[in-house]
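1. output the structure for:
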Amino acid sequence: MAEIFILLAIGLPWLGALLVWAAGDTRANLQHGLAVVFSVAAGIAALLLIPYGTKQIFVSVPIGGAFGDFTFSPDGLGVFLAAVATVIGSLAVIFSVDYMRGEASLGRYYAFILFFIGAMVGLVLTTNLLLMFVFWEITALTSYSLIAFHNDDPKAVAGGIKALIITQFGGLGLLIGALVLFAYTGSYDIQAFITNPAMLPAGALAWMAYGCLAAAAAKSAQFPFQTWLPDAMEAPTPVSALIHAATMVNAGVYLLARFYPAFEGVPGWREAVMLVGMLSALLAALMAVVATDLKRVLAYSTVSQLGYMVYAVGAGGVFASQFHLLSHSVFKALLFLGAGAVIHSAGTRDMRLLGGLGKRMPFVRLVFVVGGLALAGLPILNGFWSKELILEAGLEHGNPLWMLIAMLLVSGMTAFYTFRMVWLVFYGKPRSELQAHDAGLAMKISLAPLAFGTLTTWLLAGSFAKLLSESLPAHGIEAHSTTEILTDVLTAPVTLVAMAVIFLGLAAWWQRDKLSGVGKALAGLTNAAMNSFGFEEVNRTVVGGIQIAAERLRTTQTGLLNWNVAALLVAMVVVLAILALGVG
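-> Residues are numbered from 1 along each chain as shown. Model (predicted):
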């Protein structure tokens, strides 16, 4: 049965994409219905796959030659992320029934979303590194298409192009890793490599390790590639929830966690991973503190929370990292979809124009506050337990100590900007004349289970630890019960310190008027944060340079079909010849 569930989890979204596209935009209700049915069916298939979470390969498609066998295995890490991608993805699709009602090009919208979900499932379930790279690139293409969905909006198109170009640095890093592995072993088998990383010389292993770190940083919008994610906010909000909570940005963290046993011994790798995570968490939190766009605050928050996960992997806390990924996927999807309900109703993302919406949107306010409390890391919501596990891992294994202190500081800033966001949107007096109403039925159907999950998914800690422990023996994850994990968190000294810092962050917002002098003293830091600490300019220069080069290369395109076909055939023959010689 596992083989069938694997094929269904990947194939159902792709089949649904074809059917939605074929239905035609003149039949919008049919498109909505098809998208919901196929996304929910894929989610059910992924959930049914969880009991088969072992390291045994269940699906193998013999390809041979330089491509190896295309293999899929439902181990704990893969099935968990497949469930996240499909279940959160299906809720985003259901939310879209209200959010996208009356929009043009629904076929294109739903087709790319469903193709995106299927590619993410394939990425996390395959054990062939070359095939992982293929799925990796499919997610890049679909995310570009969805970010630039409103292709008559220059900002949306620019955001899509920027995301595509910057994440390609990550694709290059992953491709280098795949080629290095094949060059030395003649195989792309991820499981065999993780079991015995000594099959690669030290130098080659280092190239692969740092190539994968670059891939993860670009894909998960980590330092120094973090600027593409806020610009991705030009996408429709359900797409933002999908990218930030369920699919693309999780891929980088997954990559680091998957290969941790192979790379942990590479000199300087763990420290580099921790540094990337710490800098991403800190810089993004500072930018969230000064942002005024509701979706951008959430985008910076995503970069920051992913920084926690990356830091945890470097510190050796793979379970803590993945448990926070689970928590984050639920509460961040809740926050993004809640923000989508606000934007759909009020017609603006500028928090300076909002205020007092809670009275007119009581349901959205309720679920958004639940998500905000989880993001801030307050008990007893899921974000509290998983974030504290990360800090505990940092205290036990994550030298140097100053990085842990920085992560604790980020906890306080997270509480500050979260409370600021909730207050500016839902409380106080209205700051402009806006027509607002509560969420529609489809929106509520999506938001309610996410709010429930935010309150309860921490109860899965023991089962999740057992799943990862049994299916990932090389990772050294210990199987503890939920009670043991929760007791460990509550008795850890770092938990008390973190709680103190978080409540200081909350108090700083309450007493913001009295602390205005501090804000003036930090004006330079504020201006730097508002300008992305200069990274926006660097990335803009890189993206602009690549676009100029691409424009010049356009002159090589004759526009004549015969010449184009001939060029493709010649290139294909050359590539096949190189591969054949390499195999020989």
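2. the strand or helix carrying residue 193 - contacts with which helices or strands?
-> With elements taken from DSSP states H and E, the one containing residue 193 is helix 190-195. The criterion is 3 or more CB pairs under 8 Å, 6 or more residues apart in numbering; DSSP states H and E, and the helices and strands that helix 190-195 contacts are helix 129-147, helix 154-185, helix 248-263. No exception for glycine: its C-beta is placed from N, CA and C like everyone else's.
3. quick one: buried residues of the helix or strand just after it?
-> In the C-terminal direction, the helix or strand that comes right after helix 190-195 (DSSP H and E) is helix 202-219. Going by neighbour count (16 or more other CB atoms under 10 Å), the buried part of helix 202-219 is 204-219.
4. what of stretch 263-270?
-> Of the residues in stretch 263-270, those buried under the neighbour-count criterion (16+ other CB under 10 Å) are 263-264, 266, 269-270.
5. pLDDT added to those residues, as JSON lines?
-> Written out in JSON lines, the entries for the buried residues of stretch 263-270 read as follows (pLDDT from 0 to 100):
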{"residue": "263", "pLDDT": "94"}
{"residue": "264", "pLDDT": "92"}
{"residue": "266", "pLDDT": "93"}
{"residue": "269", "pLDDT": "94"}
{"residue": "270", "pLDDT": "93"}
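6. now, which of these sits nearest residue 102?
-> residue 263 (48.9 Å; CB to CB).
7. show me the shaky parts of the stretch 351-500 of the chain.
-> Within the stretch 351-500 of the chain, the stretches with pLDDT under 70 are 398.
8. all helices of it, in order?
-> 362-376, 382-397, 401-426, 441-456, 461-471, 482-491, 493-510 (DSSP state H, counting those that start in this stretch).
9. so how far is the third one from its chain's centroid?
-> Spelled out, it's helix 401-426. Offset of helix 401-426 from its chain centre (CA atoms, centre = their mean, to the nearest Å): 20 Å.
10. list the buried ones in it?
-> Within helix 401-426, the residues scored as buried using 16+ other CB under 10 Å are 403-404, 406-426.
11. who are the packing partners of it?
-> Right, helix 401-426 is packed against helix 269-290, helix 294-314, helix 362-376, helix 382-397, helix 493-510 by 3+ CB pairs under 8 Å, 6+ apart.
12. quick check, nearest of the buried residues of helix 202-219 to residue 246?
-> Taking CB to CB as the measure, residue 219 is the one of these closest to residue 246, at 13.9 Å.
13. can you tell me the closest non-neighbouring residue to the closest one?
-> Closest residue to residue 219 in three dimensions, ignoring its sequence neighbours and counting by CB to CB, 6 or more residues apart in numbering: residue 252, at 3.8 Å.
14. for the one you found, what are its contacts?
-> 170, 215-220, 222, 306, 310 (CB atoms under 8 Å, 6 or more residues apart in numbering).
15. possible to save the residues you listed as JSON lines with pLDDT and distance to residue 45?
-> Below are these laid out as JSON lines (pLDDT from 0 to 100; distance: CB to CB, whole Å):
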{"residue": "170", "pLDDT": "82", "distance to residue 45": "28"}
{"residue": "215", "pLDDT": "91", "distance to residue 45": "28"}
{"residue": "216", "pLDDT": "92", "distance to residue 45": "27"}
{"residue": "217", "pLDDT": "93", "distance to residue 45": "31"}
{"residue": "218", "pLDDT": "90", "distance to residue 45": "30"}
{"residue": "219", "pLDDT": "90", "distance to residue 45": "25"}
{"residue": "220", "pLDDT": "90", "distance to residue 45": "26"}
{"residue": "222", "pLDDT": "91", "distance to residue 45": "31"}
{"residue": "306", "pLDDT": "95", "distance to residue 45": "27"}
{"residue": "310", "pLDDT": "95", "distance to residue 45": "30"}
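16. including distance to residue 33, could those go into TSV?
-> What follows is the contacts of residue 252, written out as TSV (distance: CB to CB, whole Å):
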residue	distance to residue 33
170	36
215	37
216	37
217	39
218	36
219	32
220	34
222	38
306	34
310	39
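17. what's the closest of these to residue 397?
-> residue 310 (14.6 Å).
18. contacting residues for that closest one?
-> By CB under 8 Å, 6+ apart, residue 310 lies in contact with 216-217, 220, 222, 252-253, 256, 273-274, 276-277, 280, 321.
19. ok, and the most crowded of the residues you listed?
-> Using other CB atoms under 10 Å as the neighbour definition, the contacts of residue 310 reach their maximum at residue 277, which records 34 neighbours.
20. so it touches residue 305, yeah?
-> No. Judged on CB atoms under 8 Å, residue 277 makes no contact with residue 305 at a distance of 10.3 Å.
21. for stretch 425-435, C-alpha coordinates in PDB please.
-> Output of stretch 425-435 as PDB, limited to C-alpha atoms (Å, rounded to 0.1, in the frame of the first residue of the first chain):
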ATOM      1  CA  VAL A 425      -4.500  45.500  13.000                       C
ATOM      2  CA  PHE A 426      -7.200  44.500  15.400                       C
ATOM      3  CA  TYR A 427      -7.100  46.800  18.400                       C
ATOM      4  CA  GLY A 428      -7.200  50.500  19.100                       C
ATOM      5  CA  LYS A 429      -9.200  53.000  17.100                       C
ATOM      6  CA  PRO A 430      -9.600  52.700  13.300                       C
ATOM      7  CA  ARG A 431      -7.000  54.900  11.600                       C
ATOM      8  CA  SER A 432      -8.900  55.200   8.300                       C
ATOM      9  CA  GLU A 433     -12.400  54.600   6.800                       C
ATOM     10  CA  LEU A 434     -12.300  51.000   5.700                       C
ATOM     11  CA  GLN A 435     -15.100  48.700   4.900                       C
END
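22. what lies in contact with that stretch?
-> Contacting residues not belonging to stretch 425-435 are listed as 294, 342, 345-348, 351-358, 361, 365, 368-369 [CB under 8 Å, 6+ apart].
23. perfect, I'm done here.
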